[in-house]
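Novice: predicted model, plus sequence, below.
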Amino acid sequence: MLASFGLMSLASKSLPVGTVYAVWTGLGTTGIVLIGMASGTEPRNLGRFVCLALIIIGVVGLKSMEQPKVNPDKSTPPHSPTAPENST
């Protein structure tokens, strides 16, 4: 659980928080249901598999349409030719 939260925190540095949270919860839910189905505690039927597939399709769709965040403070390296010169 701690590793999962740490990875979510790391991902939120380059992607919007809403997308990160949707991916985290969607994949977590899908994983828990699949574990339950494998252990026999969750029912297995076509409707449940279709719903899990829709969750995965939604997560992949959200992730594939996101653009990484651009940090305006790091857009120009300090020693680049376009960086302003400090004249003292």
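Specialist: Yep, that arrived.
Novice: strands along this structure, start to end?
Specialist: Taking DSSP state E, the chain contains no strands at all.
Novice: can you tell me the centre-most residue of it?
Specialist: The chain has residue 20 as the residue nearest its centroid, 3.5 Å off, counting by Cα atoms, centre = their mean.
Novice: was I right about it contacting residue 8?
Specialist: Yes: under the criterion of Cβ atoms under 8 Å, residue 20 makes contact with residue 8 at 5.9 Å. Yep, even glycine has a C-beta here, placed from its N, CA and C like the rest.
Novice: list the contacts for the residue nearest to the centre of the chain?
Specialist: 8, 11-12 (Cβ atoms under 8 Å, 6 or more residues apart in numbering).
Novice: which neighbouring elements make contact with the worst-scoring helix or strand of the chain on mean pLDDT?
Specialist: Taking mean pLDDT, DSSP states H and E as the measure, the helix or strand of the chain with the lowest value is helix 2-11, at a mean of 81. Applying 3 or more Cβ pairs under 8 Å, 6 or more residues apart in numbering; DSSP states H and E, we find helix 2-11 packed against helix 17-39.
Novice: picking up where we left off before, quick check: the residue nearest to the centre of the chain vs residue 34, distance?
Specialist: 21 Å (Cβ to Cβ, to the nearest Å).
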